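[1] Attaching a predicted model along with its sequence, questions to come.
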Amino acid sequence: MAVPTAPDQTVTDYSLPHAYWLARASDLAYQDDAAVERQAHDWGFPTVRHHATAFTPPFPLQDTQAYTAASDRMIITAFRGTEPKEIRDWLTDGTTPPWPGPADTGYVHYGFAEALRSVFPTVRDTIAELRTNGQTVWFTGHSLGGALAMLAAARLYLEDPELRADGVVTFGQPRTCDRLLAAAYNNGFQQRSYRFVNNNDIVPQLPPEPAFTHVDALRWIDSEGRIHDSGAGLVGGLANRAKGVAADAFSPTGEGIRDHFMRNYLAAIEQNLS
């Protein structure tokens with residue numbers, strides 16, 4: 001395989017080249033609206049909608065942002081992540097209550113539920129409006145954006161089944177929900193959902209188990225940049241590290257944060273394509 005020079009909008013299933021373009025879409029979510037529109041147009045997506053909301057204190061994040069890019073073949077909704085220093089206290093706060101999941105299925109992290117709730121109506125309505133030609137629909141995001149992408153897909157699947165996404169690909173996604181919602185999600189997105197974790201990225205190790213868990217299916221990037229298609233067993237040791245996570249695990253110079261940067265996910269995928 002080679003690094004593709006343009007997204008293939010005809011794909012209907014997961015592939016590493018398609019994951020690469022969803023990684024680039026996730027990275028683009030960090031840019032301003034004008035940059036998002038320019039790049040999306042260059043990629044062949046003439047329609048772009050922005051989804052944004054601002055929070056008020058004491059909510060620990062400043063805002064939620066996402067965009068939807070659409071053509072007559074494909075629709076991508078990419079959620080923006082957040083800086084590790086902003087998400088640190090949120091993910092390590094043991095007093096954060098679980099919140100009822102979509103369609104009262106299981107529970108989700110309260111912060112994730114609130115962040116998604118603030119933009120979900122516009123995301124849902126945009127997809128319903130733009131999906132006029134049987135386009136495939138994909139959700140993606142990095143860090144917090146990965147959690148929101150997974151939850152948005154879960155909400156559509158459980159609350160508006162006709163809008164179910166064709167695929168979800170996330171990067172550095174934290175644990176998002178309990179086992180009941182994870183099981184329902186895995187059932188609905190079997191061979192449709194893929195969760196990339198780069199080596200010792202600290203964010204996927206949080207919030208701690210057993211209250212929160214991960215959804216399938218894992219794609220783990222080892223220290224040499226190789227991608228492994230695996231179950232949780234390959235990196236089972238990583239899960240236990242969350243029990244001892246401390247504030248210094250979020251040090252900007254530490255491996256846990258270095259491995260979390262979106263540019264390192266992109267570099268690893270490019271390496272595997274090359």
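    Structure's in. What do you need?

[2] which helix in the protein runs the most residues?
    If you go by DSSP state H, the chain has its longest helix at helix 144-159.

[3] Output the contacting helices and strands for it.
    Other elements packing on helix 144-159 under the criterion 3 or more CB pairs under 8 Å, 6 or more residues apart in numbering; DSSP states H and E are strand 63-70, strand 74-79, helix 110-117, helix 120-130, strand 136-142, strand 167-171, helix 179-188, strand 193-198. From N, CA and C alone the C-beta is placed, and that goes for glycine too.

[4] among those, which gets the worst mean confidence?
    When the helices and strands packed on helix 144-159 are compared by mean pLDDT, helix 110-117 comes last with a mean of 88.

[5] Any buried residues in it, and which?
    Neighbour counts over helix 110-117 (16 or more other CB atoms under 10 Å) mark 111-116 as buried.

[6] relative to helix 120-130, how tilted is it?
    40 degrees (axes from the mean of the first three to the mean of the last three CA atoms, to 10 degrees).

[7] Put the alpha carbons of helix 110-117 into PDB.
    C-alpha atoms of helix 110-117 as PDB (Å, rounded to 0.1, in the frame of the first residue of the first chain):
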ATOM      1  CA  TYR A 110     -21.300  12.700  32.600                       C
ATOM      2  CA  GLY A 111     -18.900  15.100  31.000                       C
ATOM      3  CA  PHE A 112     -19.000  13.200  27.600                       C
ATOM      4  CA  ALA A 113     -22.800  13.100  27.700                       C
ATOM      5  CA  GLU A 114     -23.000  16.900  28.400                       C
ATOM      6  CA  ALA A 115     -20.400  17.700  25.700                       C
ATOM      7  CA  LEU A 116     -22.200  15.700  23.100                       C
ATOM      8  CA  ARG A 117     -25.700  16.900  24.100                       C
END
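
[8] From the chain's centroid, how far away is that helix?
    Chain-centre distance of helix 110-117: 14 Å, with CA atoms, centre = their mean, to the nearest Å.

[9] quick one on the thing from earlier: tabulate the buried residues of helix 110-117 (JSON lines), appending distance to C177.
    Shown next, in JSON lines, are the buried residues of helix 110-117 (distance: CB to CB, whole Å):
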{"residue": "G111", "distance to C177": "12"}
{"residue": "F112", "distance to C177": "8"}
{"residue": "A113", "distance to C177": "9"}
{"residue": "E114", "distance to C177": "14"}
{"residue": "A115", "distance to C177": "14"}
{"residue": "L116", "distance to C177": "11"}
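
[10] name the helices or strands packed onto the strand or helix carrying A40?
    Using DSSP states H and E, A40 sits in helix 33-42. When contacts are defined as 3+ CB pairs under 8 Å, 6+ apart, helix 33-42 packs onto helix 16-28, strand 47-54, strand 63-70.

[11] now what about that helix, what contacts it?
    28-29, 31, 48, 50, 67, 69 (CB atoms under 8 Å, 6 or more residues apart in numbering).

[12] which among those end up buried?
    28-29, 48, 67, 69.

[13] Can you tell me which of the residues you listed comes closest to V203?
    The shortest approach to V203 among the buried ones among the contacts of helix 33-42 belongs to A29, at 15.8 Å (CB to CB).

[14] I'd assumed A78 was in contact with that closest one.
    Yes. Assessed by CB atoms under 8 Å, A29 is found in contact with A78 at 4.4 Å.

[15] Residues that sit against both of those two, list them.
    66-67, 141, 145.

[16] just curious, which of these is nearest to G167?
    G141 (12.9 Å).

[17] Let me know whether that closest one touches A29 as I believe.
    Yes. With contact defined as CB under 8 Å, G141 counts as touching A29 (6.7 Å).

[18] Residues that sit against both of these two, list them.
    In contact with both G141 and A29: 66, 78-81, using CB under 8 Å, 6+ apart.

[19] Just among those residues, which is most surrounded?
    F79 (31 neighbours; other CB atoms under 10 Å).

[20] Does that one have any beta-bridge partners, and if so which?
    Judged by DSSP bridges, the bridge partners of F79 are A66, G141.
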